[in-house]
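# have a look at this prediction, sequence included:
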Amino acid sequence: MSVLEVHGAHKFFGDNHVLRGVDLTLNAHDVVVLIGASGSGKSTLMRVINLIERVDDGRILLSGDDITNPRANADSVRARIGVVFQHFNLFPHMRVVDNVTLAARKVHGMQADAARAKAVTLLERFGLADKVDDYPDRLSGGQQQRVAIARAIFTDPELLLLDEITSALDPQLVGEVLDLVRELKGEGSTMLMATHEMSFARDVADRVIYMHGGVILEEGPPEQVFGDPVHPETRDFLARVTHR
């Protein structure tokens, strides 16, 4: 069974037709990378998958469950999906360990002591052992993003959505976050990731999707999309972003 299926997804914001019939499938352990210019629909696709926005037409299935059904509980769906945003979205008034364990305690009913023990182990693995009880403003951008990733995977979600997770980082911090994503891939996580890091997409993705004007214009293994793209729009985009 597929982890994620998107069938004919359309999304309007007023007269702006942002998603124009998107079809997408991710199987278990797939790493699929979305590329495309700003405004191509990548972030909106992430938002409708996580039910932050609702599609205006089409269906989205999570492990076979139709999450676009009006009876689907959005909070229950989000509890099955880990999301990492561009701007960290950590709670500034909460310590690192509480940011990481919040959903596990409040949504999944995990006991506080067990949640803390698991979080400490995870943060140690992410190189943040000495930051467990710090507040987010004491951390660098790269450290904050690693905390956000720890939070996203803490409850072993079925799917990880990573939306431009390095865009807000200083260049010297990008590598440490992308190395962590490589590690998650090695552990078999199922991921849909939007990024402007083309070399990373080439190295890590099982499939690369080029979005243009709200549609998937090109899809294939990275060696094909980057090495021999079919569509002129894909070639033009890659020429712009790889020759800066």
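Nice, thanks for sending it over. Numbering: from 1, shown residues only.

# now the lowest-mean-pLDDT helix or strand in the chain - C-alpha only, PDB.
Of all helical and strand segments in the chain, the minimum by mean pLDDT, DSSP states H and E falls on helix 171-186, at a mean of 87. Coordinates of each C-alpha in helix 171-186 appear next as PDB, following Å, rounded to 0.1, in the frame of the first residue of the first chain:
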ATOM      1  CA  PRO A 171      25.000  29.000   4.200                       C
ATOM      2  CA  GLN A 172      27.500  27.400   6.700                       C
ATOM      3  CA  LEU A 173      24.600  25.800   8.600                       C
ATOM      4  CA  VAL A 174      22.900  24.300   5.600                       C
ATOM      5  CA  GLY A 175      25.200  21.200   5.400                       C
ATOM      6  CA  GLU A 176      24.600  20.100   9.000                       C
ATOM      7  CA  VAL A 177      20.800  20.000   8.500                       C
ATOM      8  CA  LEU A 178      21.000  18.300   5.100                       C
ATOM      9  CA  ASP A 179      23.400  15.700   6.600                       C
ATOM     10  CA  LEU A 180      20.600  14.900   9.100                       C
ATOM     11  CA  VAL A 181      18.100  14.400   6.300                       C
ATOM     12  CA  ARG A 182      20.600  12.000   4.600                       C
ATOM     13  CA  GLU A 183      20.700  10.000   7.900                       C
ATOM     14  CA  LEU A 184      16.900   9.800   8.000                       C
ATOM     15  CA  LYS A 185      16.800   8.500   4.400                       C
ATOM     16  CA  GLY A 186      19.300   5.900   5.400                       C
END
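
# any idea which helix or strand comes after it?
strand 191-194 (DSSP states H and E).

# partner strands of that next one and their direction?
strand 31-35 (parallel), strand 159-163 (parallel) (DSSP bridges).

# contact partners for residue 95?
Neighbour list for residue 95: 132-135 [criterion: Cβ atoms under 8 Å, 6 or more residues apart in numbering]. Using the backbone N, CA and C atoms, a C-beta is placed for each residue, glycine as well.

# which of the residues you listed fall within strands?
Under the assignment DSSP state E, those contribute nothing to strands.

# put the buried members of those into a ChimeraX selection.
The buried residues among the contacts of residue 95 can be selected in ChimeraX (16 or more other Cβ atoms under 10 Å) with this line:
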select :132,135
